[in-house]
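J.: task: produce atomic coordinates for the following.
(one chain, ligands or ions: 1)
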Amino acid sequence: MLKIGVLISGNGSNLQALIDEVKAGRLPAEIALVLSDNPEAYGLKRAAAAAIPARFLPPGPKRTVLSPEAEAAYADAFKQAGVELVCLAGFMRVIKAGLLAAFPGRILNIHPSLLPSFPGLAAWKQALDYGVRYTGCTVHLVEAGVDTGPIILQAVVPVEANDTPETLLNRIHREEHRIYPEAVRLFAESRVRLDGRRAVVTD
Ligand code: GRF
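T.: As a prediction, this is how the structure comes out:
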């Protein structure tokens with residue numbers, strides 16, 4: 001059974017989607033540990049309610065990255081828990097060498113746009129302001145850039161004429177909660193391989 005570790009900073013609705021799929025027996029994985037850089041993250045409560053080990057780990061002094069010491073502590077905690085795949089689920093810091101080296105090709109992120117369009121913060125609002133007719137969400141492997149890396153799965157979400165940032169984000173979230181567990185399932189079934197920078201999914 002694939003052991004996964006989840007990194008959160010806030011609400012944790014994607015964490016919840018993973019928890020629910022595991023519980024329903026549709027995702028052959030075990031959520032071994034949830035770590036948060038925010039002691040108030042609601043996702044910590046979701047994990048506790050599901051009896052999943054979860055804790056706040058101090059991130060260090062900077063807002064956008066973990067300090068090298070913190071990153072080593074996160075990597076150690078995941079290794080000790082036997083984690084094989086790390087899932088970023090609303091983790092609001094850029095991953096650096098410490099975690100990338102500890103889990104090469106084994107860190108996933110979910111982003112609320114069709115990458116490579118609209119990387120960075122509030123991607124759904126960027127899409128609405130730009131005026132695109134379609135946006136969506138992307139699960140990708142994490143590399144050293146911001147919201148870059150081989151794409152595993154994407155889902156398309158139409159932008160409606162009367163959308164507000166909130167209505168659009170709600171629709172994107174529904175698709176996120178579907179494709180993130182699906183992407184983890186592909187890893188659990190060893191169905192992802194890399195061909196250059198393309199991730200190829202096998203049957
Ligand atoms: C999601 O929209 C995800 O795409 C982005 O952060 C948000 C996290 O939401 N990376 P939640 O904490 O899973 O509810």
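J.: every contact and neighbour count from this point should use C-alpha atoms.
T.: OK.
J.: tell me what the longest helix along the chain is packed against?
T.: In the chain, assigned by DSSP state H, the helix with the most residues is helix 165-188. Applying 3 or more CA pairs under 8 Å, 6 or more residues apart in numbering; DSSP states H and E, we find helix 165-188 packed against helix 13-23, helix 123-130, strand 134-141, strand 151-158.
J.: quick one: contacts of it?
T.: Helix 165-188 has contacts (CA atoms under 8 Å, 6 or more residues apart in numbering) with 1-2, 13-14, 17-18, 21, 27-29, 110, 112, 124-125, 128, 136-139, 152-155, 157, 159-160, 192, 201.
J.: among these, which ones are buried?
T.: 2, 13-14, 17-18, 21, 27-29, 110, 112, 124-125, 128, 136-139, 152-155, 157, 159, 192 (16 or more other CA atoms under 10 Å).
J.: out of the residues you listed, which touch the ligand?
T.: Applying CA under 6 Å from any ligand atom to the buried ones among the contacts of helix 165-188, one finds that S13, N14, I110, P112 fall near the ligand.
J.: JSON lines for the residues you listed, including distance to L168 and pLDDT?
T.: Below are those laid out as JSON lines (distance: CA to CA, whole Å; pLDDT from 0 to 100):
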{"residue": "S13", "distance to L168": "16", "pLDDT": "98"}
{"residue": "N14", "distance to L168": "17", "pLDDT": "98"}
{"residue": "I110", "distance to L168": "16", "pLDDT": "98"}
{"residue": "P112", "distance to L168": "10", "pLDDT": "98"}
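J.: so can I have CSV of these showing distance to L33?
T.: As requested, these are exported to CSV (distance: CA to CA, whole Å):
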residue, distance to L33
S13, 16
N14, 15
I110, 18
P112, 24
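J.: between the residues you listed, which is nearest A144?
T.: I110 (15.2 Å; CA to CA).
J.: tell me the bridge partners for the residue lying closest to that closest one once chain neighbours are set aside.
T.: Closest residue to I110 apart from its sequence neighbours, by CA to CA, 6 or more residues apart in numbering: V139 at 4.5 Å. Per DSSP bridges, the residues bridged to V139 are I110, L153.
J.: ok, now which ones touch V139?
T.: L108, N109, I110, H111, I151, I152, L153, Q154, I179, Y180, A183.
J.: how about D37?
T.: Taking CA under 8 Å, 6+ apart as the test, what D37 contacts is I8, S9, F56, L57, P58, P59, F91.
J.: show me those residues that map onto helices.
T.: Among the contacts of D37, no member lies in helices (by DSSP H).
J.: neighbour-wise, which of those leads?
T.: Neighbour counts for these, by other CA atoms under 10 Å, peak at I8, which reaches 26 neighbours.
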